[in-house]
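>>> quick check, what structure comes out for this input:
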Amino acid sequence: MLNRLTKAAGVTGAAALLAVAAMSGASAHVVVEDDGVIDSGKETHAHDEQQHGDTKGHLEPRSSGPLSVVGQTSLSNVVEGKIADVGVHKTTAYLAAWGGQTCDKNGVHVVDIADVTDPKEIGFIPSKIGSYPGEGVQALSIGTTGFTGDLLLTNNETCNATTGVGGMNIYDVTNPAAPVTLMEGYGDDSGSAGATNKKAHEIHSVFAWDAGDRAYAVIVDNAEVTDVDIVDITNPRKPALVAEYDLAETFPTILQPGMDLDEVFLHDMVVKEIGGRFVMLASYWDAGYVQFDITDVTNPKYLSDSDFKSLDPEAAESGLQVAPEGNAHQAEFTADNRYVLAADEDFAPYALKGTTGTGEAFTSSQGSGTPALEEGATLAGDSVFGGRACNGDALPAAATAATQIVVVERGLCAFTEKIANVQGLGYAAAVVFNREGSDGCNAALSMSVEGTIPTFGVAPREQGYALFGASYNDAACLAGDGSVQAPIALNKVGTSLSFSSYFDGWGYVHLYDAASMKELDTYAIDEAHDPSKASGFGDLSVHEVATSAKDASLAYVSYYAGGLRVIDVETTKVRGKLVPSIVEKAARIEDGGNNFWGVEAFQSGGKEYVAASDRDFGLYIYEYAPVNQQQP
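Down below sits the predicted model:
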């Protein structure tokens, strides 16, 4: 779940996740916080600091349509931004307490929702110290030769490189009030077999399914970002990695060459039994949404995939002609398997175009907590090398011209520390390029950073070197351990840089025909198309879609600061043909604003309810009850 990058060509990439995807000239969706206690290379769902504070930090409360809050509860040890995904099974909700805000009290809140009007927290499952769950919180029942009962699966990412572990966790929650740990930290280790704890790669999400005589889980590998890793969990105490494959290599037709859609990696997935076969629907970022038959987990068979149009269709509704951004984040089938509803997550409402003095594209995005270039604004000046700029390092001299841009390299300390050390020296802006190491080099990252001057990054290391005429070797860089600094003299003046910005909206929802994956319609909240709401109102991107099990046309959408939205797929006759479209049926933003991450529909007492995880509060339970669907 994850700020997204802005590409050099002006296309915003993004969400998430993942350790860095090494790619030249393209933006990975990873957001890096720093290189200190909070380990680098993790996605953050950064949002406006005033989300539940000053009225400038969120949208005004609103309520439209027959959508009401029936229950809610705050959770223990919650600080702003601490709550992540939510999963529901039977009469229990499970909410992740993630480590993107604080690196303690991470794990899963267990909430009894048997009485939807009075949910109660009944327990907390702690993560390993230095690790945390985020997107991957799923509970399900399985019945195999190795286990019969209810399982909870969660992912592990790390907020402390020394103590944190990777892989997935599996808990027996047959009695939710007394969960039993069956396995912690199991995942891939780049070898032929799986590994546990410190050897296992961090994972961003996990999804499990019962295949009859066997049960499986698929995990998102943060180190091998294009991989689909399949784990046999028939005996959840002894999971086994049984398959891994790269969808871009296995099904190369899913790619769209020539469209600047080269941030290709697995972000999320669901598996559903359809027509006697198990179908995986994978959200594969810039490659779109991919369906394939996974009945035989060692032999995936391509079924269909989506394509992004040459001009963004949702932006076009507001008169914006911009290139597509990709950002395939999460998707679900409708109950009748007729449609797919999918969420493209994008935290960057302004696209950024960067060029060098020689006219070459320069890849970077705008730092999360530094002054952003407003629509139509341009910033240009000569680059000056500022070293690593950590406390104790030799720092660059003061700028000799008000237009100069200081360029520093990632490594050792937090981005905010680097910018604090250079922002008082008279530079117009700062740029950060990547460090050496397997999670650095030519990966382009978005950046969580605070400062008083515009800050752009993280750019590929090779681009940073090129500004100052330094020789770059990608193989040597990837083999490094992050300790070697760039061979560029402090205060060296390099080529000029220019950055310009334009408004292109936030992330939104797609409607696809499930058989062909042809796009039928798109949907976004009104505020996501309003440049006056581009800052100061929280994140206005979609995060997740949850389809109804009772009404095949209905879905519920978590829209971060946009609150909870209810949408319906309606068909109208146009020129003799039935044309489906997405129609908003209800919306809800509570007093003080909301900041929803997860959303899941569930059944209780013959009615359908919606669980939504508010990142700053805890659990909300909603009911959508139009008159023609109300239960007796």
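>>> can we go C-alpha only for contacts and neighbour counts from here?
Fine.
>>> residues contacting Val545?
Gln330, Ala331, Glu332, Leu341, Ala342, Ala343, Ala555, Tyr556, Val557, Ser558, Val599 (C-alpha atoms under 8 Å, 6 or more residues apart in numbering).
>>> hmm, try it at 10 Å
Val545 makes contacts with 330-333, 341-343, 509, 555-559, 565-567, 598-601, as judged by C-alpha atoms under 10 Å, 6 or more residues apart in numbering.
>>> could you measure it against Asp474, distance?
39 Å (C-alpha to C-alpha, to the nearest Å).
>>> mind listing which of the contacts of Val545 are in strands?
Counting by DSSP state E, those place 330-333, 341-343, 509, 555-558, 565-567, 598-601 in strands.
>>> tally of neighbours for Val599?
Counted with other C-alpha atoms under 10 Å, the burial measure for Val599 works out to 27 neighbours.
>>> quick check: beta-bridge partners of it?
Going by DSSP bridges, Val599 is paired in beta bridges with Ala612.
>>> quick check: it touching Ser613?
Yes: at 6.6 Å, Val599 and Ser613 qualify as touching, with contact defined as C-alpha atoms under 10 Å.
>>> which residues do those two both contact?
Overlap of the contact sets of Val599 and Ser613 (by C-alpha under 10 Å, 6+ apart) consists of Asp85, Val86, Gly87, Ser558, Leu619, Tyr620, Ile621.
>>> closest to His267 out of the residues you listed?
Nearest to His267 among the shared contacts of Val599 and Ser613: Asp85, at 14.2 Å, using C-alpha to C-alpha.
>>> the helices in the stretch 351-500 of the chain, which residues?
Taking DSSP state H, counting those that start in this stretch as the criterion, the stretch 351-500 of the chain carries its helices at 415-422, 461-467, 474-479.
>>> hang on, I meant the stretch 101-250 of the chain
247-250.
>>> below-threshold pLDDT in it: ranges please.
When residues are selected by pLDDT under 70, those of the stretch 101-250 of the chain lie in 191-192.
>>> check what pLDDT Val20 gets.
Among the per-residue scores, Val20 holds a pLDDT of 31.
>>> brain fart, Gly440
The per-residue pLDDT reported for Gly440 equals 88.
>>> ok, now how distant is the residue nearest to it when sequence neighbours are not counted from Gly598?
Counting by C-alpha to C-alpha, 6 or more residues apart in numbering, Gly440 lies nearest to Asn434, which is 5.6 Å off, once chain neighbours are set aside. In this view, Asn434 and Gly598 are 32 Å apart by C-alpha to C-alpha.
>>> more crowded one of those two?
The neighbour comparison of Asn434 against Gly598 (other C-alpha under 10 Å) goes to Gly598, with 30 against 26.
>>> residues contacting that one?
With contacts defined as C-alpha under 10 Å, 6+ apart, the neighbours of Gly598 are 1, 83-87, 95-96, 134-135, 137, 543-546, 557-560, 611-615, 619.
>>> ok, Gly146 next?
Gly146 sits in contact with Asp213, Arg214, Ala215, Ile233, Thr234, Asn235, Pro236, Arg237, Lys238, where contact means C-alpha under 10 Å, 6+ apart.
>>> alpha carbons only: can I get the helix or strand where Ala546 lies in PDB?
When elements are defined using DSSP states H and E, Ala546 is found to belong to strand 544-547. Coordinates of the C-alpha atoms in strand 544-547 are reproduced here as PDB (Å, rounded to 0.1, in the frame of the first residue of the first chain):
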ATOM      1  CA  GLU A 544      -8.500  -0.500  -2.400                       C
ATOM      2  CA  VAL A 545     -11.700  -1.900  -3.900                       C
ATOM      3  CA  ALA A 546     -13.800  -4.600  -2.200                       C
ATOM      4  CA  THR A 547     -16.600  -6.200  -4.200                       C
END
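>>> give me the sheet partners of that strand and which way each runs.
Strand pairing for strand 544-547, determined by DSSP bridges: strand 554-558 (antiparallel).
>>> show the average pLDDT along the partner strand.
98.
>>> what are the buried residues along that strand?
Buried positions in strand 554-558, judged by neighbour count with 16 or more other C-alpha atoms under 10 Å: Leu554, Ala555, Tyr556, Val557, Ser558.
>>> please consider this matter closed, and thank you.
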